[in-house]
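Chemist: let's see this in three dimensions:
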Amino acid sequence: MVELKTDSSIDAMYAAGQVVARALTAARKAADVGVSLLELDAVAREVLREAGAGSPFLGYRPSFAPVPFPAVLCASVNDAIVHGIPDGYRLRDGDLVSLDCGATLGGWAGDSAVSFVVGTPRPADQTLIETAERALAAGIDAAVVGNRVGDIAHAIGTVCRSGGYGIMEDFGGHGIGRSMHEDPGVPNEGRPGRGLPLRHGMVIAIEPMLIAGGRDDYHCAADGWTLRTNDGSRAAHVEHTVAITDSGPRVLTSRDAC
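Modeler: Numbering: from 1, shown residues only. All right, here's what the predicted structure looks like:
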């Protein structure tokens, strides 16, 4: 069931989204050669603590997971696509990092992700990240009243495939509200004009995940959480929480003010 949010609820979700935005901004600023993923998680935890916010990631255990998630950040490096568990790994020059973070505030959730390169970027990595960001922007542009979920999926998939990148079939965006994961599912590839109609008050997380090698296959690492590319190629993951309104899409996790 899809819950339509009131305008005041969307404002409350914006407050949660801005906590996420600040946490990601702080963690990204802290990311440098020699800094560990655990240190980045600590930075994000402090932002949440100062805001009086909780983490929907910490302790989260979906049916596929062997253990609850132990952190407030997902930190995925190089061939890790999503769900990387922060550990003692210290960042190296040229690492491609994807950070995914959520927050709960006043009973509402926010969710967002960013990808970037530490130190000196490879041109191919920059192109991958830029394409992921263009796919996200295309998905947001399609998130308008009167369109359907398939229009968002088609917009994202078109950008990804035109760049020659792979897309994970079984993972994509989702509804969000009182819980981090709600209906509807928002695939990263699909047919326009299909799926659930978009209505004022729907709030969704749109999150392209691109595989540089061009293939769609992936596997779960031994930790039971981290999803990695099968061919060892690099990946990028970007995400925003977006409210669909009569006046157009409203990005609740925008980092413009951070």
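
Chemist: and what about Glu113, helix, strand or coil?
Modeler: Rather than Glu, residue 113 is Ala. Three-state call for Ala113 (DSSP: H, G, I helix; E, B strand; the rest coil): strand.

Chemist: what is it paired to in the beta sheet?
Modeler: Taking DSSP bridges as the rule, Ala113 bridges to Asp100, Glu239.

Chemist: next, count neighbours for it.
Modeler: Per other C-beta atoms under 10 Å, the neighbour tally for Ala113 reads 27. All C-beta spots, glycine's among them, are computed from the backbone N, C-alpha and C.

Chemist: just use 51 as the starting number from now, easier for me
Modeler: Sure, I'll start numbering at 51, so the last one becomes Ala163.

Chemist: show me the contacts for it.
Modeler: Shown in contact with Ala163 (C-beta atoms under 8 Å, 6 or more residues apart in numbering): Leu74, Cys124, Ser148, Leu149, Asp150, Cys151, Glu257, His287, Val288, Glu289.

Chemist: as JSON lines, these with pLDDT and distance to Tyr139 would be great.
Modeler: Below are the contacts of Ala163 laid out as JSON lines (pLDDT from 0 to 100; distance: C-beta to C-beta, whole Å):
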{"residue": "Leu74", "pLDDT": "98", "distance to Tyr139": "19"}
{"residue": "Cys124", "pLDDT": "98", "distance to Tyr139": "14"}
{"residue": "Ser148", "pLDDT": "98", "distance to Tyr139": "14"}
{"residue": "Leu149", "pLDDT": "98", "distance to Tyr139": "13"}
{"residue": "Asp150", "pLDDT": "98", "distance to Tyr139": "16"}
{"residue": "Cys151", "pLDDT": "98", "distance to Tyr139": "18"}
{"residue": "Glu257", "pLDDT": "98", "distance to Tyr139": "23"}
{"residue": "His287", "pLDDT": "98", "distance to Tyr139": "17"}
{"residue": "Val288", "pLDDT": "98", "distance to Tyr139": "21"}
{"residue": "Glu289", "pLDDT": "98", "distance to Tyr139": "22"}
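
Chemist: neighbour-wise, which one of those leads?
Modeler: Among those, Cys151 has more neighbours than the rest - 32 neighbours, counting by other C-beta under 10 Å.

Chemist: what's near enough to touch it?
Modeler: Val70, Ala73, Leu74, Ala77, Ala94, Phe107, Val122, Leu123, Cys124, Asp161, Ser162, Ala163.
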